[in-house]
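> this one's structure only:
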Ligand SMILES: C[S@@+](CC[C@H](N)C(=O)[O-])C[C@H]1O[C@@H](n2cnc3c(N)ncnc32)[C@H](O)[C@@H]1O
């Protein structure tokens, strides 16, 4: 198929997914939710809808899961915006992790604590309670780990403050939030 035909075909597409379950967490307020789970041990659980439970076979042997979910409380997308931790320059939405994206798809790597029936206990959760879950993939060291990485603008910003921010989100509630 020619390149131009692909553009026409793909740009017209509307892609619709059915949630496979619901992510539950202690987080009910967007501003008070950790911006990245790795900095915060908060726990939660995933409830998988009955028809997808057979798909959990063998999942318990993985220590981490990749969750793909729908940011159902996202706002209007800003294709270029200033991250709070980098006031100097606007950043393209594809270089930051903000939830107001063209397609509000969330991605989190969580620790898997246990699997019982349709319920997966997890920690390192940066996701609001009641978030629709689109997919689960196992985190596999051999596939997902990289030895040498460049971290773009994050390396030259106040990235050390990200951890600090997450440690005390409520104390910083009145401050403007980072958009990382
Ligand atoms: C900056 S995003 C990062 C999420 C993910 N780890 C990533 O990198 O895509 C994390 C923030 O998303 C927001 N959030 C979580 N669940 C959401 C939802 N269902 N709808 C809208 N915003 C949500 C919370 O405010 C949280 O602090």
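Sure, I can see it. None of the values given here were measured: they were computed from a predicted structure.
> switch to C-alpha atoms for all contacts and neighbour counts from now on
Fine.
> ok, residue 99 - how many residues close by?
Counted with other CA atoms under 10 Å, residues neighbouring residue 99 total 22.
> so who does it touch?
Residues near residue 99 by CA atoms under 8 Å, 6 or more residues apart in numbering: 71, 74-75, 105-106.
> same check, this time on residue 125
Applying CA under 8 Å, 6+ apart, the residues near residue 125 are 25, 34, 36-38, 40-44, 108, 110.
> returning to what we had before: now the contacts of residue 99: which count as buried?
Buried by 16 or more other CA atoms under 10 Å: 71, 105-106, out of those.
> With distance to residue 98 added, can I get these in JSON lines?
Converted to JSON lines, the buried ones among the contacts of residue 99 look like this (distance: CA to CA, whole Å):
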{"residue": "71", "distance to residue 98": "10"}
{"residue": "105", "distance to residue 98": "10"}
{"residue": "106", "distance to residue 98": "9"}
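> ok, and of the residues you listed, which contact the ligand?
Intersecting the buried ones among the contacts of residue 99 with the contacts of the ligand gives 71, 106 (criterion: CA under 6 Å from any ligand atom).
> Tell me which entries of the buried ones among the contacts of residue 99 lie within helices.
In helices, judged by DSSP state H, none of the buried ones among the contacts of residue 99 are found.
> show me where the protein has helices.
Using DSSP H, helices in the chain cover 3-11, 141-144, 152-155, 160-167.
> If I average pLDDT within each of the ones you listed, which one is lowest?
Ranked by mean pLDDT, those end with helix 160-167 in last place, scoring a mean of 57.
> one step back: determine which two of the contacts of residue 99 are furthest apart.
75 and 106 (13.5 Å; CA to CA).
> Contact residues of this structure facing the ligand?
30-31, 33-36, 71-74, 97-99, 106-108, 126-128, 131, 180.
> which among these end up buried?
Buried members of the residues of the chain next to the ligand, scored by 16+ other CA under 10 Å, are 31, 33-36, 71, 97-99, 106-108, 126-128, 131, 180.
> Narrow those to those in strands?
106-108, 131 (DSSP state E).
> before we move on, back to that, among the buried ones among the contacts of residue 99, which one lies nearest to residue 62?
residue 106 (20.5 Å).
> show me what contacts the residue lying closest to that closest one once chain neighbours are set aside?
Residue nearest to residue 106 in three dimensions, not counting chain neighbours: residue 69, with 4.9 Å by CA to CA, 6 or more residues apart in numbering. By CA under 8 Å, 6+ apart, residue 69 lies in contact with 105-107, 131-135.
> again, only this time at 6 Å
Neighbouring residues of residue 69 by CA atoms under 6 Å, 6 or more residues apart in numbering: 105-106, 132-134.
> JSON lines for the residues you listed, including distance to residue 20 and pLDDT?
Below are the contacts of residue 69 laid out as JSON lines (distance: CA to CA, whole Å; pLDDT from 0 to 100):
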{"residue": "105", "distance to residue 20": "14", "pLDDT": "98"}
{"residue": "106", "distance to residue 20": "14", "pLDDT": "98"}
{"residue": "132", "distance to residue 20": "8", "pLDDT": "98"}
{"residue": "133", "distance to residue 20": "6", "pLDDT": "98"}
{"residue": "134", "distance to residue 20": "6", "pLDDT": "98"}
